[in-house]
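# fold the stuff below for me.
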Amino acid sequence: MPATELDPATTTLDADLAAEREHLTASRAALRRMRERAEALFATGDKVAGDAYTAEQLGRHLARRVAELADDPTTPLFFGRLDFGRHGGAQHADHAGREYHVGRRHVTDEQGEPLVLDWRAPVSRSFYRASARDPQGVAVRRRFGFSNGVLTSFEDEHLDRGEELGTTSRILTAEIERPRVGPMRDIVATIQPEQDELVRAGLADSICVQGAPGTGKTAVGLHRAAYLLYLHRERLRRSGVLIVGPNRAFLSYIAAVLPALGEVEVEQATVEDLVARVPVRAVDDPTVAALKHDVRMAEVLRRAVDAHIGTPTEPIMVPDGSFRWRIGLEPLHRLVEETRREGLPYATGRERIRARVVGLLQRQSEARRAESPSDAWLRRTGKAKPVTTFLDAVWPALTPEGLLHRLLSDADALATAADGLLTADEQALLSATAGNGTKLGRTPKATRWTAADAVLIDEAAGLLERPAGYGHVVVDEAQDLSPLQCRAIARRSEHGSITLLGDLAQGTAPWAATDWRESLAHLGKPDAAVVPLSVGFRVPAVVVAFANRLLPALAVDVPPAESLRRDGALDVRTVTDLTAATVAEVRAALAHDGSVGVIAADDAVDGLRAALAAAGVQTATADDLDTVARVTVVPATLVKGLEYDHVVVVEPAAIVAAEPRGLHRLYVVLTRAVSRLAVLHAAPLPAPLG
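Numbers count the residues shown, from 1 in each chain. Modelled structure (predicted):
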């Protein structure tokens, strides 16, 4: 029950609220002192370090620490409190009779006593998991209401008395439904038990979250990254954490979440960023792009690499002063075959061949000279012309760009590598003479590559050399990853774990996934658990029900989205002048709090922005989060993962007609609203919505 109902004494409530405000003031002062100490250490760190390397490492550590202790006065430093009963429960006996404020980071007083516990600390777990049925030793759970960083209210749940508010919590509901403008916020104050289970999954566990719109799957992935960094800080600081998003607008939208939780060293990238070994200056025909993204191309490239491994045809003779060293054909054959069987990256295998040849020559030298050759001798011998000539004959140097350039320009080389994998027609599609998008030059450097070529070049690079990996990778909107894009991520998470986030119903790419098991196999994590999230708070039920009309036409096996939100509004209107109606709808939306998103087919965006500007309405683009404009005009192809309080969808039929998977795109568009959705159309609505 809320505290206002349990305790009618207003003076007691006022005293409690005043005490909590004092605790907030003391906590902010303590955080400021912690930051000042870190800044002082940073300023003098070079004077205490023993050498330049230590000074540099210490400087980086302290700079990171200063950034982690930054305080945002508009963001609550804590959002809850746990009061443990006198016995504390079997799990938390050490905490019996104690109370803890739970917040975004750990704050201590000058004596080192905690004023705020990090939400990721083990004891904080009870804030999310304790219930009237299983209090976990918690007598009272308190939630705080804030406005611009000012503590305004609180409500208590006396779990030891069997009182639990759940989704009727006024403060919880207000925080979930709070209007938003600008980047995505963290959800540490509103994490639900089923979300917390995923957030706190172990570092070794790879998981796939099939999340319907509004279920918080993106937030789950980001908070899991923050939790793992808290629990395995040094290990993940060395190996790194990577967030992969569908586009730069999405990454800009989520960029503030982890820094708000004190995590400032997480790398963010799109798949295009990961594979950007060559500039993309050409565009493939969609059919050719789909073929280049096909998993069969991985085997074509592997065969093309293997085809460069040759067979020794003559012995090696290496002059060395008055000596001549010789390696016969039999040991050379054996050396090449042993290296081939080891399955090393191609470039590593080439250096292994060189090292083994030098080793055989070294043994001959030692037998004749009765002494070990110097390091300079070893280096010189490895570069001797007979050795490099042999290397170039049996294991020639390759580059990823050169490998693909030869396949696309040499029909015979492609036919050999693609035999039994690609049909003659498919091979013809890849040929430069078919006008496949790639503009082949005489050299790889002179070639105008496409985005799909970049993925193939990255695949080839993975065959030649082993890329650096990450300790954990979070992949959002993963339903649109092609098999080869999945493999690009797999190469960077081979020895780490992944959190895969997506919704099969929102797949809009030509190669969009229809089964998470296939995607997980391409990612190298075939045994990862697939966990559905179908109940959400962010999108109102009336909006979810409208969007769910599309599901039968999307041909995906996912549970329909559900919402616990009974507020919100849906307005579907036929209009004669789409532009004028859009301007009027935006003006009406601006009378409410929160952000406004205008979503239309890509070719209609510029006209709508111009019309709004002529009407005096300032607008922003999807990747322009620094502007003060509350209205964002977004192409339908870029809206995935974003959300707005009020969404205006302009002409659904045009969105559907713009691409082969247009109905899937429309499903994405309709589920971006977190309060109100207006659908304006002059043409008839797509049949499934009728």
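# what's the burial count for E22?
Per other CB atoms under 10 Å, the neighbour tally for E22 reads 11. Any C-beta I mention is one placed from the backbone N, CA and C, and that applies to glycine too.
# am I right that it sits in a strand?
No - assignment of E22 by DSSP: H, G, I helix; E, B strand; the rest coil gives helix, placing it outside any strand.
# can we start the residue count at 53 from this point?
In the new count, where the first residue is 53, that last one comes out as E74.
# next one, pLDDT for it please.
If you check E74, the pLDDT there is 94.
# what about the closest residue to L387 other than its chain neighbours, neighbour count?
Nearest non-adjacent residue to L387, counting by CB to CB, 6 or more residues apart in numbering: R408, 5.1 Å away. Residues lying near R408 (other CB under 10 Å) number 18.
# R408 against E394, yeah?
No - judged on CB atoms under 8 Å, R408 makes no contact with E394 at a distance of 11.0 Å.
# so the residue nearest to L387, which state does it fall into?
R408 - assigned by three-state DSSP - is helix.
# cool, V583 as well?
Under three-state DSSP, V583 comes out as strand.
# bridged to it, which residues?
V583 has these beta-bridge partners by DSSP bridges: V261.
# which pLDDT value goes with it?
pLDDT at V583 comes out at 95.
# and it, how far is that from G137?
As judged by CB to CB, to the nearest Å, V583 and G137 stand 33 Å apart.
# swap in E165?
21 Å.
# what do you get for A308?
In terms of CB to CB, A308 sits 37 Å off from G137.
# surely G434 is in contact with V410?
Yes - G434 is within contact range of V410, at 5.0 Å (criterion: CB under 8 Å).
# who's more crowded, these two?
Remark: of G434 and V410, V410 carries more neighbours, 21 against 16, as counted by other CB under 10 Å.
# might one say that the more buried one is in contact with W429?
No - in this structure V410 lies outside contact range of W429 using CB under 8 Å: 9.3 Å.
# what's H210 sitting at in phi/psi?
phi -90, psi 90 (degrees, to the nearest 10).
# tell me where this protein is predicted with low confidence.
53-62, 97-111, 113, 139-144, 218-220, 229, 231-235, 484-487, 677-679 (pLDDT under 70).
# other SSEs contacting the strand or helix carrying G132?
Element membership for G132, per DSSP states H and E: strand 130-136. When contacts are defined as 3 or more CB pairs under 8 Å, 6 or more residues apart in numbering; DSSP states H and E, strand 130-136 packs onto helix 62-100, strand 151-155, helix 177-181, strand 190-199.
# in TSV, list these along with distance to W171.
Listed next are the helices and strands packed on strand 130-136 as TSV, based on distance: least, CB to CB, whole Å:
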stretch	distance to W171
helix 62-100	14
strand 151-155	6
helix 177-181	7
strand 190-199	13
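# of all these, which one comes closest to P331?
Ranking these by proximity to P331 (CB to CB) places helix 62-100 first, at 38.6 Å.
# quick one, that closest one and strand 151-155 angle?
60 degrees (axes from the mean of the first three to the mean of the last three CA atoms, to 10 degrees).
# strands paired with the helix or strand hosting A730, and their directions?
Here A730, judged by DSSP H and E, is contained in strand 725-733. With DSSP bridges as the test, strand 725-733 is paired with strand 621-626 (parallel), strand 696-702 (parallel).
# buried set for the shortest one?
Along strand 621-626, the positions that meet the burial threshold by neighbour count (16 or more other CB atoms under 10 Å) are L622.
# what residues does it touch?
592, 594-595, 598, 633, 727-734, 737 (CB atoms under 8 Å, 6 or more residues apart in numbering).
# 7 Å instead, please
Strand 621-626 is contacted from outside by 594-595, 598, 728-733, using CB atoms under 7 Å, 6 or more residues apart in numbering.
# the longest one now?
Residues from elsewhere that reach strand 696-702, judged by CB under 7 Å, 6+ apart: 231-232, 630, 634, 637-638, 641, 644, 646-652, 656, 660, 684, 721-722, 724-732.
# before we move on, what about stretch 77-88?
Contacts for stretch 77-88 (CB under 7 Å, 6+ apart): 118, 121, 123, 129-130, 159-161, 167-168.
# want to throw the residues you listed into a markdown table with neighbour count, secondary structure and distance to L536?
Shown next, in a markdown table, are the contacts of stretch 77-88 (neighbours: other CB atoms under 10 Å; DSSP: H, G, I helix; E, B strand; the rest coil; distance: CB to CB, whole Å):
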| residue | neighbour count | secondary structure | distance to L536 |
| --- | --- | --- | --- |
| V118 | 19 | helix | 41 |
| L121 | 19 | coil | 42 |
| D123 | 17 | coil | 44 |
| L129 | 24 | coil | 45 |
| F130 | 25 | strand | 46 |
| V159 | 25 | strand | 46 |
| T160 | 16 | strand | 49 |
| D161 | 14 | coil | 54 |
| L167 | 21 | strand | 50 |
| V168 | 25 | strand | 46 |
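# all set now, cheers.
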